[in-house]
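1. this one's sequence-less:
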DNA sequence: AAGCTTATATGATGATCATCATATGGAGTT
DNA sequence: AACTCCATATGATGATCATCATATAAGCTT
């Protein structure tokens, strides 16, 4: 019946998007309900028409709010596959651009530390997100499934860890650590020595 | 002159030790001045006789408060060197024990995300800490200095990333990701395929 | 023993925040 | 044009927290 039926669900999506950005930029504790609503163009009170609590929002963002980002990131090289896809993924993940834009980047290097201290619900949501991305990447690795997953887990740890540390270091190590991680990660994924140039 | 001259500096050390633990267990924002002082056996007010502000405490803990931990961790295998040291390091870092004890473990997987959002001072202190540990580990790698440092940076990223993610995941991946990272990290450090059994 | 020094404790203060109760105002209906 | 929903806004409320001013109390000096 309604042409404009989902004004509310549209707003809900905007709150989620704002939260998704602010959480990555300032952490879960660092982003207040008020500032998230402000970024969504609303005032703080209306929040509770959409979410039960801030914890609810956190779990919701982890469960679904980040997916669009990985998709946008990977959409850039959807035409590629196999080795080319993996190289593009590693180079993009450890690029200067990603280093400087935590607010629109991968949540793992910024939020995993905080999520590890929270309850079962958020951690379960994160685990689901992790499984989806693991499956996607493993599909591009030329190896039996278990071995492909093993390599991706090792490479993802390395890339997320390197980006997290690179964002913290204040000297030339910030670049060196990303290049070192990129070379080792791509070698692991391909099963032979290789190099990528981070952008 | 003073027999009991440093009651104050002794107290200061106790505050630092309590903060060091609570920061790793609950994050910088998650640990309040009050609860840190309580753990140190004092009340909140006296805090400002020792530190200018909470930010000051944070920077101080990053700069020096964590060193005792790495030392205690590495002291366990001080008799070892070269390959044996590296294997013990990787296996211990990714062990079940370390997984379950963030409060007395490495600060990187828990705090680097938060530190990356802070100012120059804390990040500089962290960079110093990182350099010290990098030099130590590189000394056990059988390769020219630059190459040794490169391998350690790649391995440390991988180990810290894997531990951070393993603490967040709720399924069997929590163990798998640590084993995958351990095998790849030790292979990188030794420059040839190798395995370690995480404890 | 009186007085001074200094470390710690007590008890505000003001800010920020999550949450909630209630108000407003506009769209669609009659 | 009056009415009714419903999404959002306004304005508490109570909690937590960092910070600070002031008080206490235990040495040390003389």
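-> Looks like it arrived, so ask away. For clarity, every value in this text was computed on a predicted model and none was experimentally measured.
2. so the helix ranked longest in chain A versus helix B:145-168, what angle?
-> Counting by DSSP state H, the longest helix found in chain A is helix A:145-168. Calculated by axes from the mean of the first three to the mean of the last three C-alpha atoms, to 10 degrees, helix A:145-168 forms an angle of 110 degrees with helix B:145-168.
3. what comes up buried for helix A:145-168?
-> Across helix A:145-168, burial judged by 16 or more other C-beta atoms under 10 Å in any protein chain shown covers A:148-168. For the C-beta atoms, the positions are set from N, CA and C on the backbone; glycine is no exception.
4. so is it next to chain B?
-> Yes. Helix A:145-168 reaches chain B (C-beta under 8 Å from any C-beta of the partner chain) through A:149-151, A:153-154, A:156-162, A:164-165, A:167-168.
5. which one of these is nearest to residue A:192?
-> residue A:151 (11.7 Å; C-beta to C-beta).
6. who touches the closest one in this structure?
-> Residues near residue A:151 by C-beta atoms under 8 Å, 6 or more residues apart in numbering or on different chains: A:138, A:141, A:143, A:188, A:189, A:191, B:180.
7. distance of it from DNA strand D?
-> 42 Å (C-beta to the nearest atom of the strand, to the nearest Å).
8. give me the residue ranges of chain A where confidence is low.
-> A:1-5, A:7-8 (pLDDT under 70).
9. closest residue of it to chain B?
-> Sorted by distance to chain B under C-beta to the nearest C-beta, the residues of chain A start with residue A:161, at 2.5 Å.
10. next, format the contacts of residue A:151 as a markdown table and append distance to residue B:62.
-> As requested, the contacts of residue A:151 are exported to a markdown table (distance: C-beta to C-beta, whole Å):
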| residue | distance to residue B:62 |
| --- | --- |
| A:138 | 37 |
| A:141 | 37 |
| A:143 | 40 |
| A:188 | 31 |
| A:189 | 33 |
| A:191 | 38 |
| B:180 | 30 |
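11. just the buried subset of the residues you listed, written out for ChimeraX, thanks.
-> To isolate the buried ones among the contacts of residue A:151 in ChimeraX, judged by 16+ other C-beta under 10 Å, type:
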select /A:138,141,188,189 /B:180
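12. from the contacts of residue A:151, which ones fall inside helices?
-> A:138, A:188, A:189, B:180.
13. didn't the second one look like it was pressed against residue A:153?
-> Yep, that's residue A:188 we're talking about. No. Assessed by C-beta atoms under 8 Å, residue A:188 is found out of contact with residue A:153, at 9.8 Å.
14. for residue A:15, which residues are in contact?
-> By C-beta under 8 Å, 6+ apart, the neighbours of residue A:15 are A:36, A:37, A:40, A:42, A:47, A:50, A:51, A:57.
15. ok, it to residue A:51 distance?
-> 8 Å (C-beta to C-beta, to the nearest Å).
16. residue A:122 too?
-> 14 Å.
17. those two: who's more crowded?
-> residue A:122 (24 against 19; other C-beta atoms under 10 Å in any protein chain shown).
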